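> Model the structure of this input:
(one chain, ligands or ions: 1)
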Amino acid sequence: MPPQSQQRSSHNDGIRRYVLLRDKKCCQWPGCGSSSGIDVLFLIETENGAPPSGENVYKNGVTLCPKHMDIVNLHDKAFGPLIFDLIQLVEFERDLDRTERTYKDILNK
Ligand SMILES: [Zn+2]
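Model prediction:
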């Protein structure tokens, strides 16, 4: 899960670093994996589903290449839920990866 922080100014930077590291600076669109010109698409923290007031606070995000970033931004409403699912999937994959490594470490001892 992404880092939790009380300091808003550094929190968003922290989320960006977390997402880039987790996604290994590669587009996470299924089957893409491009690493050129990538950027992070952020999920924004909302309170009770209402739009946040003032400064946006990032909740999580996913790394995308320019092509897939454009597709998502063009069809914002249609892709919103899909992006949410994609982020869940990437997080899940990371957890699986960690679990696998932990077990391998145990077996190698
Ligand atoms: Zn892509």
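> Work out for me the element the nearest residue to I71 once chain neighbours are set aside sits within.
Excluding the flanking residues, the one nearest I71 by CB to CB, 6 or more residues apart in numbering is F79, at 7.2 Å. For the C-beta atoms, the positions are set from N, CA and C on the backbone; glycine is no exception. F79 is located in helix 76-108, with elements delineated by DSSP states H and E.
> OK, contacts around F84?
With contact taken as CB atoms under 8 Å, 6 or more residues apart in numbering, F84 is in contact with L43.
> if we can go back for a sec, how about the helix holding F79, does it get close to the ion?
No - using CB under 5 Å from the ion, helix 76-108 stays clear of the ion, with a minimum separation of 11.3 Å.
> Touching, N56 and L43? I think so.
No - taking contacts as CB atoms under 8 Å, N56 lies outside contact range of L43: 10.3 Å.
> Of the two, which one has the most company?
Shown here are N56 and L43; by other CB atoms under 10 Å, L43 has more neighbours (17 against 14).
> Who is the more buried one paired with across the strands?
Using DSSP bridges, the bridge partners assigned to L43 are N60.
> quick revisit: next one: the residue nearest to I71 from the ion, what distance?
13 Å (CB to the ion, to the nearest Å).
> can I assume that residue is in contact with H68?
No - using CB under 8 Å, F79 makes no contact with H68, being 9.5 Å away.
> higher neighbour count, these two?
Neighbour totals were compared for F79 and H68, and H68 leads with 22 against 16 (other CB under 10 Å).
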